[in-house]
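In: predicted model, plus sequence, below.
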Amino acid sequence: MNALALLTVPMLALLPSSTSASAASQDAPDGREVLPEAHEVLGRYRAALGPAERLDALASLRVSGTASWVGLEGEGTYTSLHAGLKRNLVVIEFDNFGRFEVGTDGALVWEDSPLETKIRDGWDASEFVRRFGVAQHAPWRSMFASARTVGLEPLDGVDHWHVELRPLPLAERADLGDEPPADDWYLDAGTGLLRKVVARGVGLDGSATEVVYVLDDWRAVDGVLFPFRKELKVSGFTLRTVATSVEPNAALPEEAFARSERVRDAVADHRSGETARRQEAVTVQTLEERHIASIRVTCKHSEMQKTLSQLLPEVFLHASSSGAAMTGPPMVVYHTWGDDLDLEAAVPVAAPVEPKGRVQAGTLPAGQAVVAWHVGPYERLGETHTRIQEYLDEHGLTQRAAAWEEYWTDPGMEPDPAKWRTKVVWPVEPAGDE
C-alpha cells in the first residue's frame with residue numbers, strides 16, 4: 001500500500017468555488033455565449049489538483065498497482081517513475097504477455113516489449129513525453145505552445161470543456177517533419193479535473209496515430225489529487241491500470257532510468273540505419289535453449305498463410321490461458337522444405353507448457369546459429385534463406401537442426417510490408433562434424 005497514507009481531505013475543499021459551467025461562461029450583449037479562455041479552464045484544473053505550493057514542490061512521483069488488457073485474460077503489475085519531463089519509466093509485467101516498458105532519460109524515448117524494441121523520436125517521442133507530463137501534473141505551458149477553448153461537450157452525461165492544445169517539440173531531432181494535430185483535453189466543467197485526453201503522434205508509416213487516455217477515481221495524496229484508475233486506448237487495445245500506491249516526491253535513484261541492454265542495442269541499430277544494416281548482415285551467434293508452445297502440421301506451400309492464421313491464435317490462446325509468460329514474437333519452425341512443408345507454428349515461453357490437444361511443449365536448441373534479418377514482405381523471405389545458405393557454403397558450416405523465422409512486426413500495426421522485420425535463424429555446426 002501507499003508509503004504516504006492517503007489523506008482524508010474532502011474533495012470539495014480542494015476545488016475552486018467557480019468551476020461550474022454556468023459560472024465559467026457568460027453571454028455577450030448579442031446573446032451569444034462567450035467561451036472562457038483556455039488558460040482559465042486549465043488554471044481551474046491546476047487549482048483543483050491542490051495547493052500551488054504542493055504542486056510546485058512535486059519533484060518526483062512513484063505509482064504502483066495492477067494492470068490488465070480489457071477483454072483479455074490475465075493481470076499484471078504496474079510501476080511508473082517520474083522525475084520531470086526528462087526522466088520517466090513505466091514498466092508493466094504480465095505472467096502471460098511478458099514485460100512492457102516505456103521510458104525516457106532526457107536524451108532518448110524508447111518502447112520495449114516481448115515483440116520489439118523501438119526508439120521514438122521527433123513528434124512521436126513528444127507524445128510520450130506529454131503523456132508522462134500529464135501523469136505528474138506538469139504545467140501545461142511546459143508541454144504545449146498554445147491552447148484554445150473549443151466548447152462545452154457532454155462526456156458520459158456530464159458537461160466537459162473541450163480544449164485544444166498545440167504541442168511543443170519535446171524530443172530532439174533535426175527534422176521534426178510536419179507538426180501533428182493538436183491534443184484534445186476534456187475537463188469536467190463542475191470539478192475542473194481532466195477526464196480524457198486524445199493525443200496524436202506519428203506512426204512508423206508516417207501517418208497519424210491516435211492515443212486516448214481516460215483518468216478516473218481522483219483521490220488526494222499529500223494534499224494533491226491523483227487519478228487512481230486510468231485507461232489507455234491505442235490500436236484497438238485498451239490497457240487499464242489501477243493504482244494501489246501513489247508516492248509524491250519519492251526517492252528515485254538515477255539507475256532507475258538506465259537503458260537496458262535491449263534498448264542500447266536498439267539505439268545502435270537506430271543510429272546506424274537499422275533497415276540497411278540488418279538487410280545485409282549475416283552473423284553467427286551462440287543461443288541458449290528456449291522453450292516453445294507449438295502445433296506441428298504438414299501443409300502445401302500455397303496453404304501456409306491460411307494454416308498459420310488458424311494455428312498461431314490457437315497456440316497463443318493456450319499459452320495465455322495457462323499463464324505461460326511469452327518471451328518473444330510468434331514464429332514458424334521448418335522441419336522439411338520439400339513439396340510439402342513440415343512446420344511448427346509456435347510462440348516462445350519462459351517455461352514448458354502443459355500439453356493440450358494439438359498444442360505441445362517443445363524446445364529450440366542451444367548452440368551456434370547463423371542469424372539474418374529480413375526487412376520486407378514475407379513473399380521475399382526465400383531470398384534471405386538463400387543468403388544464409390550461401391554463407392554456410394562460404395564458411396564451411398552445415399545446418400544441424402530445424403531453421404525458424406521470428407515475426408517481429410505485427411502487420412496489423414504496421415501496414416507497409418516494406419517495413420516488416422523477420423529474424424531468420426539456422427542452427428549450424430562445422431561441416432563434417434558428427
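Out: Perfect, I can see it now.

In: from here on, contacts and neighbour counts on C-alpha atoms
Out: Fine.

In: in the protein, which segments are predicted with low confidence?
Out: Applying pLDDT under 70 to the chain picks out residues 1-33, 96, 115, 171-178, 201-209, 235, 269-280, 412-413, 432-434.

In: domain ranges for it?
Out: 11-267, 269-430 (automatic domain parsing).

In: adding mean neighbour count, write those domains out as a markdown table.
Out: Putting the domains of the chain into a markdown table (neighbours: other C-alpha atoms under 10 Å) gives the following:
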| stretch | mean neighbour count |
| --- | --- |
| domain 11-267 | 18 |
| domain 269-430 | 17 |
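
In: show me what the strand or helix carrying residue 110 is packed up against.
Out: In the assignment (DSSP states H and E), residue 110 maps to strand 109-112. Of the remaining helices and strands, those touching strand 109-112 by 3 or more C-alpha pairs under 8 Å, 6 or more residues apart in numbering; DSSP states H and E are strand 98-104, strand 117-120, helix 261-272.

In: just the strands in the stretch 101-250 of the chain please.
Out: 109-112, 117-120, 144-155, 158-167, 183-188, 194-202, 208-221, 224-234, 237-248 (DSSP state E, counting those that start in this stretch).

In: no no, the stretch 251-400 of the chain
Out: Going by DSSP E, counting those that start in this stretch, the stretch 251-400 of the chain shows strands at 282-287, 290-300, 331-336, 340-349, 360-364, 367-375, 397-399.

In: what's in contact with the longest one?
Out: It stands for strand 290-300. The contact list for strand 290-300 (C-alpha atoms under 8 Å, 6 or more residues apart in numbering) reads 307, 311, 315, 319, 339-353, 358-366.

In: sheet partners, orientation included, of it?
Out: Its sheet considered, strand 290-300 pairs with strand 340-349 (antiparallel), strand 360-364 (antiparallel) by DSSP bridges.

In: same list (these) but as JSON lines, adding distance to residue 105.
Out: Conversion of the strands paired with strand 290-300 to JSON lines gives the following (distance: least, C-alpha to C-alpha, whole Å):
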{"stretch": "strand 340-349", "distance to residue 105": "30"}
{"stretch": "strand 360-364", "distance to residue 105": "36"}
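
In: give me the most central residue, the chain.
Out: Nearest residue to the geometric centre of the chain (C-alpha atoms, centre = their mean): residue 111, 5.8 Å.

In: now it: how far from residue 237?
Out: Remark: distance between residue 111 and residue 237 (C-alpha to C-alpha, to the nearest Å) = 16 Å.

In: same check on residue 332?
Out: According to C-alpha to C-alpha, residue 332 and residue 237 sit 25 Å apart.

In: and for residue 142?
Out: If you go by C-alpha to C-alpha, the gap between residue 142 and residue 237 works out to 29 Å.

In: equivalent analysis for residue 268, please.
Out: Distance, residue 268 to residue 237, using C-alpha to C-alpha: 30 Å.

In: then residue 366?
Out: 35 Å.

In: same question, residue 370
Out: According to C-alpha to C-alpha, residue 370 and residue 237 sit 36 Å apart.

In: thought residue 163 was touching residue 184?
Out: Yes: if you go by C-alpha atoms under 8 Å, residue 163 and residue 184 touch, sitting 5.8 Å apart.

In: quick one: closest of the helices and strands packed on strand 109-112 to residue 223.
Out: strand 98-104 (27.4 Å; C-alpha to C-alpha).

In: and the strands of the stretch 101-250 of the chain as TSV, adding distance to residue 384?
Out: Formatted as TSV, these follow (distance: least, C-alpha to C-alpha, whole Å):
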stretch	distance to residue 384
strand 109-112	26
strand 117-120	22
strand 144-155	46
strand 158-167	42
strand 183-188	42
strand 194-202	30
strand 208-221	31
strand 224-234	33
strand 237-248	33
